[in-house]
Each structure stands twice: as structure tokens, then as C-alpha cells.
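Chemist: mind looking at a prediction? Sequence and model below.
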Amino acid sequence: MMRKFFAQRRKKKTSPFSQHMQQRQTPELTLSPNLADNLELFRTLLGNPHDLLIRTFLIGNTNHTCAVIALDGLADSDMLHNQVLGHIQLMISTSEKSVPPEPDEIIQLLFEEVLSVVEIKKETSLTAALDCILSGDTALFVDGSSELILIDSKGWKTRGIEEPVSEGLVRGPRDGFTESIRDNTVRIRRRVKDPNLRFESSWVGTRSKTELIIAYIDDIVDHEMLDEVRRRIATIDIDEVEESGFIEQWIEDDFLSPFPQAHNTERPDKVSASLFQGRVAILLDGTPMVLILPVTIGLLLHSPEDYYERWIVGTLTRLLRYLAAFFAVFSPSLYIALVTFHPGLIPSDLAFSIAATRDGVPFPAFIESLMMITTMELLQEAGLRLPKPIGQTVGIVGGLVIGDAAVSAGIVSPVMVIVVALTAISSFAIPSFQLAIAFRMIRFFAMFGAAIFGIYGVILSLIAIMIHLSNLTSIGYPYLAPLAPQMPRDWKDLILRAPVTFLKERPQALHPEDEIRMRTGDSK
Amino acid sequence: MNKRFALPTILVIVSALLAGCWDQVQIEERGFVVGIAIDAPRTKEVEKRAAKEAPRKPKVKQRFLVTHQLVIPGGLIAGSQGGGGGQNTTNEAFLNLTSEGDSLFEVSRELATRTSRAPFYQHLKVLVISEEVARTPNGFANAMDFLLRDPDSRRSGKVFIANGLAKSIIEVKPKTEKLPSLYINSIGENIEKNARMLPEVRIGDIHEELLNPFSFVIPRVRAEKNEIKMAGSAVFSLYNQMVGFLGEEETEGLNFLTGSIDGGLLKAKVKGDLVVLNIQGTKHEIVQDLRDKQNFKFTIKIECEGILAEAYALMDFLSKEETKKLERAFAKEIERMCLDTLQKVHKEMKVDVIKLGSNIRQKEYSLWKQIQKDWESGQRLYEKSTIKVEAKVYLRNVGSINRSELEEGR
């Protein structure tokens, strides 16, 4: 039923897409040999903006008019002065060669000899030139030629490399991705000096023209998966893309699922490790969040630190985290179920003391926990929105309101506060923020189950979640791998983190082309 | 698409609505029953009143006077601010409700007319049945039926027989605990410290015993002013009717005979002075000779190990010979106690509470099938059998000192 629904949805999406592709290609403008016309065209196309820099000059001693066009701020003005304008004026005036009379020859001379810039190309299409100028390149015109030279002069202000805010670690590299895609590819290249590392560049967003790079290691990645990623990215048809979230939502397998089907991270070490496992990374210009595909549940629950610390520490923290995942989802619902349906399952003394503290609380346990959990969600949301100095105030006010005032006013019981605190702390212990959000949603589902059916309802909701998870895929890969389908070989890096020397193979779940990580054992 | 989703949606909604929340009772609204005492009513007053109200109602053989002990959770919190509960004025943690009726279920439902909190039996700790009820034919089994049958109650509550009125047992006001039932329950767990207490018997065990063709014992409790004493045991015949009590020492002997001693002490006299053994563990084996049907021979071998706890006798405990003497004295004491017990249960009461029959059933099942009708009843083969006791004691340690004073000092 669901599958059919999706098939229909895909069909609907593809039809306008193909129309659009044709539209996009039609307005192809070519350059005219007349410089003034070209400049005029640019001005009108861009709406004569005040940040458009146009400098016309005569070249050498001839009267060939030239012009340089760039956008102020996007293009590096130092470079324009020194390497472009300066060189042209100086070289041509001092060079022994005379300036050729034909404009096309001048272009050739400039292209081959004068301009001392690495990235440089000739272009005849005005549309393409416009795109390049809008991304920070500089166009050089010579009157009478229908070609222009595009000089790479990208040089805007970027944020420096800082420690990743959302994924702090005690042990591990401190650098994070930034908004500049070039800086980000550098961060990956610095770690992966494998010649097989590939960056496939394209752009998304019909208007925003945002650069997008698919990164992978050619002889590790499963090419079938890579093709699927490429195919899905090619279907993206939106006018603007600000964040990798748009990409994630466009290419995900199941839009109704609460679980994230692409993992986003701002840690370059995580990305490089994933590439070596056989995953694909998607980088997008303008955001420090890099997407990792495909997602398995392990990727979301593991932290890079598991690998950096010794294996005993890594294994124990993992166990703790799986426990936290369970508490984050089920502790309020277990509280409801035990308190309202099965007090016989609580040890007698505890049951009596819970009963004593709940004495006089006006709400049933379900309403009580619903109120408290909602308040906690509110606090969490409010704390995010507020600027840092005020954020602390929220913590204090919230802590006082939840912890103390509500209890002494007799609205909630102290045990409920403990349950809420346990839930909140557990959900903060989950390394992936996306997964923590998914758990927050499921928590309510389990609470409703508990309120209607007791423990039976909690188990039912657990079964429902498990059925959903084992059906879920990410780029066609089973979400619960290596648990379902079973891949016992991968289990040494699931709940247990085996010592590094034992992790000889790449995860089977990702079907890597090259399965072996350590070849030392093979040589003998 | 709407139609396709309609059916599952309706099913989900209906199942959620139909399921309702019939079991949903907030924890503070439950009346936790921690103890039940079952007595036989002393006066016929209630019966007479009932007969007047409905003269044509059929008369029943037996009536029960049942006391439920409910927990008042608010009273359990030390120095509670008094804001919460409100209804608890005396700051007592329990509430005893006594009702009379033909059946326990009737009494349980009658409680609903007297308390705001419906009785909830899953935390039942202690069930006390009075001697009087236990001595009436079928009275004990009748009193147990409701708690065994009710799916809402647990089989883990401990069962005791009261020497006197059962009600008075759960009405004691102990100084150490706030709930009398929990106090009785914890005393029941002290078997490791004292050999004179019978190991706990749970409601589930009772069910087993009721169905078994054997006699059995249940711990006895006696109420004193602010405390209870748990020592001795009540003996039930194979017809599940109580036939008598065993005293404290007899119970200790029985514990030795059944091998259910985890700890305790043993006193003996050596050279006219007292020595005390701290029992660390016992081993127990029954050797049976079943050749002669009319005279089965059983030898119960008891091995006991322990450390010397106290010694008033002056001797050198480090010498092997002396300790051997000690061991022999202790062994003799065990044998004496066991024989005393046997005298009572084998010769006087004629009940097989040592479970020798069960031993035959385990080891010689074909024989058991032939004789099971004639064991405690019929030909009474149990009575005709001979039972011997052999005890052995190993003294593992004489304590931190050898002597506390020298012989010359005396």
C-alpha cells in the first residue's frame, strides 16, 4: 500500500521536472563582438547593481578597448589589481612583443602569456559567464572578440575553522567544517590522501545554483549505491537550497518515518572515516553540515570517540549509550504503565513510597507525565532560541519550575521529576541530535500506548517501532543492518567495539568493493 | 487512497477505544493489602442479624472473620508534611479492617463499602490463619482457596499459623517497622540466624502441599505485647487438617531431619560445662532399606559443620582429641533432638512431616505406586517403619582465642 503511494508520488514529481530541464536550457545567450553591447547586456541581466565592478581600459599602446567585470566582495580585489590589471598593463607595455592587431589574437596572448592565474578559461556563452561572475569569477572582454576570458578570482570573507558546536568531543580533532565548500573539501583531502578520493561537483537549485559535491573513494564505495545517489540528486528540482537538509529530505527513502535517513555531521574526521567504510558524503556550499549516506542505526549511536578511546572504554560507553536510548524512549511510558496498571511489578517498599508521594497529586500519571515531558520539550526549544547569556536563565527558571515548585505545589510527584530528568539526560547522551529528536517523538507514541494498554502497550509500541525500523532503508540499504539482515561479522563493531586490530574488514552492510582494511595478515 | 487508509484507521481507533483502560487505577488509589488474618468468628451476632434480614438464605457450615491490613502510604514517610494525604490523622501507616462473611471473596468485596481504596492483593506479604480455623476439617483449604484462585494475588506471600487469634498478630505495633506485616515478613527471613524457625512457607507452596498426599508443617507465630515471636510449627495431617503444634526445640529437630538448616546454634555439654556451636551448614541424606514392607528402615544421616561460638568448658581446643570430643558431644545433641522430634511426629502424631514418603516416591517410584494408599493411611506403613538418626559434626574453627581464662583461676 505504502509502496504504491510512493510510486505515485515519484511519478507526479518527475513530470514537471523534465519540462523544467528544457526551460532551463533555452535562454542561451552568446557574446556579441561589440564590447559596449556585452557590457550593456550584463548590466540589464543583473539589473544594474551597485556592486557590479566594470573597468574599461586600453591595452598597451593600441586602441583596443578591454573591460573587466566582477562583483564587488565576491572577487578578490587584491588579486584583480596585481595579477590581472597590473600584469596586463605592465607586461604588454614592457614586453618586446608587439600587441597583435586582431582582438582574438589579443585574447590568445593574454590567455597564454600575460595572465599569471592558475584557473583560467575561455568562454563564448554569456549565460555561463554570468553564472561564473555570480560565483565570484572575473570576466575579461576585448572589444571585437566574441570570446571572453574567465579568471578565477573567488575571494570573499569566510568564517575561520572552529570547533564543531553540535558535536563536541573530549578526545579527537578540534576542527569542524565551515560554510565554504572549498575549505570543507580541503578538510577531507587533508585526511584522505588516497588518489581514489573523488569529488563529483555539480550544482543544485535552479536559482541559487548552490555547489554540491559528492565525495567517495572510488575503489571502496559500492557503485550501485553511488549511481542511486547520483540519480536521486539529479531529480532535485527546487529554486534554492540553503542547507543540506533540503538535499536530505529530497533524497530520503521514507518521508513519513521519524528516523533520519541521512546523517549530518560537521566533523571532518567522521566524514573521512565514513568514506573509508564505503559510505558517500554530500557536501553543500553554504553549510557546515555534511551528509553521510547510507545511514545504519550504528552510525547514529556511535561516536568517533568510541574509536579514539581504548576498546574497553569504547565498548562500555557504547553500552551506556544503548541504555540511554532505551531510557530516552521508554522511561516515561514504563512509569505510566507501572504506576497505573501494574503496581504489583514494583518492589513493595518502592510501590508504597511512590503511592505516598503521589498522594494528593490531582492528575493521573499519564497526564502528569504528558505535562512534564511537554514542559521539558518547551524548555529545550526555548533554550535553543535564546542567546547564550539568557539561555542560562531558562535553565534556572525551568529547573526551579519543574523541579521544585511543581512538586511543592502538589501538581506532580517527585518520582515524576526523577523520571523526566532521567529521560532528558538520556536523550542528551545520544550523539546524533537527529536521532535524539526521533526518540523524542517516539516517546509520546510509547506513552500513549502505555496509557491505554499498560506494559502490553509499551511492548506493542516497541514492536511497532521495530517493524518500522526493519522495513526502513537508507538509499536502499537496510537501516538495522547488521542486525536485520544478520551480518555476524559486523557485530564486532556494533554494541561491542572490538580492539582495533580485530576490525580487519569494512562493514559488510555497505557492500564495499574492497572489503579488507588490513592486509598485513594476508601477506604471509 | 482515503478508502485504503480508512479500514486500518478505524481498526486502530476502535481497538484503542474498546480496550478502554479498565485496569487503569492510579497507584495512590489502590488499597495495598499487605497482610490478611483469618479467624473463626467468636460471636454469632452478625449471623443472627443476617438471618433476620434474609431468613430464607441457606445456612453455611463455616464463617470467617477476616482482617485486611491496608497500607496508608502517607504514613510511611517520616515526618510527612501532612499536606498530601489529609485523611491520615493518627499518622499510622496501616489500617486494619475486619469483616465477617461466608467467603473470603465476599469479605474482599465488602471492603469496598468501607474504604475508598479497593483492595489490591499483589503486594500481599503475610497470611496468618488462626489455629481454630486450621483445626476445623477443610477449614484451612477453604481459607486458602480464594487467594490461590484469584489471578490478582501472588503466590509469594508467607503463610503462618497463629497460636491464638490471628487478628492479634497483624495488630501488633512493632517499634522497628511501620507496617506490622512487613515486620512479620522480615522476621520470616531470619532463618539463617536461628535453627528454631521453620523455613518460610509461601502461598504457592501451600497449594502444592494441599494437593500432595503428605503431611506438612507451617511456621507458628505468637503475638506478644509489641512484638511477635516466630518459633515452633503447626503440623497438618495429610487431610490438610491441623493436628498439633511442635515446640521450638522439636522444630529444630525437624529442621535437622529435613535438612533445612542454614544457620543457627547448637548447645552441648562437655565436662559439665556449656559449649555452643555456630552452625555454618548441614548436609543430609536418607538411606532407605525397603525390603520388608511391614518394616521399612530409614537412616537419616546428618552432617553438620560449624565454628565454636562460645565455650565455658575449659579445655584445649587446639588438640585434635579434645575437638573430637567436642564434635561427638554436638553430634549426640543433634541425635537427641532429632529423636525427641521423631518421638512426637512418628509415634504420637503419626504424621510424615519428614517427607520419607516423598523420598520413596523419588527413588522407588514403582514401589511407591503400590504402597501410596497404605503409607500414612490404610495399612499405615509409615508408623510401622523404623527410623534411625546418625549425626556427625565437623568443627571447622574454634574462634579467635583458645581460652578465655586459665584453669587455675577457677
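Modeler: Done, it's in.

Chemist: name the nearest residue to the residue in chain A positioned nearest to chain B, ignoring sequence neighbours.
Modeler: Chain B sits closest to residue A:344 of chain A, with a gap of 2.8 Å, by CB to the nearest CB. The way it works is simple: take the backbone N, C-alpha and C, and place the C-beta from them, glycine included. Using CB to CB, 6 or more residues apart in numbering or on different chains and skipping residues adjacent in sequence, the residue nearest residue A:344 is residue B:122, 2.8 Å away.

Chemist: still on that earlier bit, isn't there a helix covering the residue of chain A closest to chain B?
Modeler: Yes: when classified by DSSP: H, G, I helix; E, B strand; the rest coil, residue A:344 is found to be part of a helix.

Chemist: re the thing from before, and for the residue nearest to residue A:344, the neighbour number?
Modeler: Neighbour count for residue B:122, taken as other CB atoms under 10 Å in any protein chain shown: 19.

Chemist: what's the spacing between it and residue B:150?
Modeler: Per CB to CB, to the nearest Å, residue B:122 is found 10 Å from residue B:150.

Chemist: again, but for residue A:431
Modeler: According to CB to CB, residue A:431 and residue B:150 sit 49 Å apart.

Chemist: neighbour count winner among the two?
Modeler: The neighbour comparison of residue A:431 against residue B:150 (other CB under 10 Å) goes to residue A:431, with 23 against 14.

Chemist: how close does that one get to residue A:171?
Modeler: 14 Å.

Chemist: repeat for residue A:303
Modeler: Counting by CB to CB, the separation of residue A:303 from residue A:171 is 10 Å.

Chemist: for these two, indicate the residue with more neighbours.
Modeler: Remark: of residue A:303 and residue A:171, residue A:303 carries more neighbours, 22 against 9, as counted by other CB under 10 Å.

Chemist: which ones are touching the more buried one?
Modeler: Neighbouring residues of residue A:303 by CB atoms under 8 Å, 6 or more residues apart in numbering or on different chains: A:169, A:317, A:321, A:431.

Chemist: and if you look at residue A:64?
Modeler: Residues near residue A:64 by CB under 8 Å, 6+ apart: A:58, A:99, A:103, A:106, A:142-144.

Chemist: likewise residue B:110?
Modeler: B:99, B:101.

Chemist: how about it, phi and psi?
Modeler: The phi and psi torsions at residue B:110 (degrees, to the nearest 10) take the values phi -70, psi -30.

Chemist: model confidence for it, exactly?
Modeler: For residue B:110, the model assigns a pLDDT of 88.

Chemist: do you know how far it is from residue B:47?
Modeler: Residue B:110 sits 15 Å away from residue B:47, going by CB to CB.

Chemist: skip the chain neighbours and tell me the closest residue to residue A:164.
Modeler: Closest residue to residue A:164 apart from its sequence neighbours, by CB to CB, 6+ apart: residue A:176 at 3.4 Å.

Chemist: for the helix or strand hosting residue A:129, name the packing helices and strands.
Modeler: Using DSSP states H and E, residue A:129 maps to helix A:126-134. Applying 3 or more CB pairs under 8 Å, 6 or more residues apart in numbering or on different chains; DSSP states H and E, we find helix A:126-134 packed against helix A:35-46, strand A:65-71, strand A:138-142, strand A:148-151.

Chemist: run the chain-centre distance for the second one.
Modeler: How far strand A:65-71 lies from its chain's middle: 37 Å, per CA atoms, centre = their mean, to the nearest Å.

Chemist: with the longest one instead?
Modeler: The chain centroid and the centroid of helix A:35-46 are separated by 38 Å, computed with CA atoms, centre = their mean.

Chemist: which residues of the chain fall in strands?
Modeler: With no chain named, the answer covers chain A. Here chain A has its strands, by DSSP state E, at A:52-58, A:65-71, A:120-123, A:138-142, A:148-151, A:197-204, A:210-217, A:263-265, A:280-284, A:290-293, A:473-474, A:477-478.

Chemist: you answered for a different chain; I wanted chain B.
Modeler: Under DSSP E, chain B gives strands at B:30-39, B:64-71, B:94-101, B:118-120, B:126-130, B:158-162, B:216-223, B:228-236, B:242-246, B:264-270, B:273-289, B:297-311, B:386-397.

Chemist: around chain B, which positions in chain A sit nearby?
Modeler: Selection of chain A residues close to chain B by CB under 8 Å from any CB of the partner chain yields A:1, A:5, A:339-341, A:343-344, A:348-349, A:351-361, A:364-365, A:410, A:451-454.

Chemist: in helices, which of those appear?
Modeler: Among the residues of chain A next to chain B, DSSP state H puts A:5, A:339-340, A:348-349, A:351-358, A:365, A:451-453 in helices.

Chemist: domain parsing for chain A?
Modeler: A:35-151, A:181-295, A:309-478 (automatic domain parsing).

Chemist: need those domains in JSON lines with mean pLDDT, can you?
Modeler: Output for the domains of chain A, formatted as JSON lines (pLDDT from 0 to 100):
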{"stretch": "domain A:35-151", "mean pLDDT": "83"}
{"stretch": "domain A:181-295", "mean pLDDT": "92"}
{"stretch": "domain A:309-478", "mean pLDDT": "89"}
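
Chemist: test my guess that residue A:217 contacts residue A:195.
Modeler: No: between residue A:217 and residue A:195 there is no contact under CB atoms under 8 Å: 9.7 Å.

Chemist: which of the two has more neighbours?
Modeler: Using other CB under 10 Å as the criterion, residue A:217 and residue A:195 rank with residue A:217 on top: 22 against 9.

Chemist: for that one, list each beta-bridge partner.
Modeler: Beta-bridge partners recorded for residue A:217 (DSSP bridges): residue A:197.

Chemist: who's the closest spatial neighbour of residue A:70, skipping the chain neighbours?
Modeler: Excluding the flanking residues, the one nearest residue A:70 by CB to CB, 6+ apart is residue A:138, at 4.1 Å.

Chemist: list the residues that contact the one you found.
Modeler: The neighbours of residue A:138, taking CB under 8 Å, 6+ apart as the test, are A:68-70, A:75, A:80, A:84, A:150-151, A:153.

Chemist: could you give the average pLDDT over stretch B:396-410?
Modeler: In this model, stretch B:396-410 has a mean pLDDT of 78.

Chemist: which parts of it are buried?
Modeler: Going by neighbour count (16 or more other CB atoms under 10 Å in any protein chain shown), the buried part of stretch B:396-410 is residue B:398.

Chemist: so how far is it from its chain's centroid?
Modeler: Worked out by CA atoms, centre = their mean, stretch B:396-410 lies 39 Å from the chain centre.
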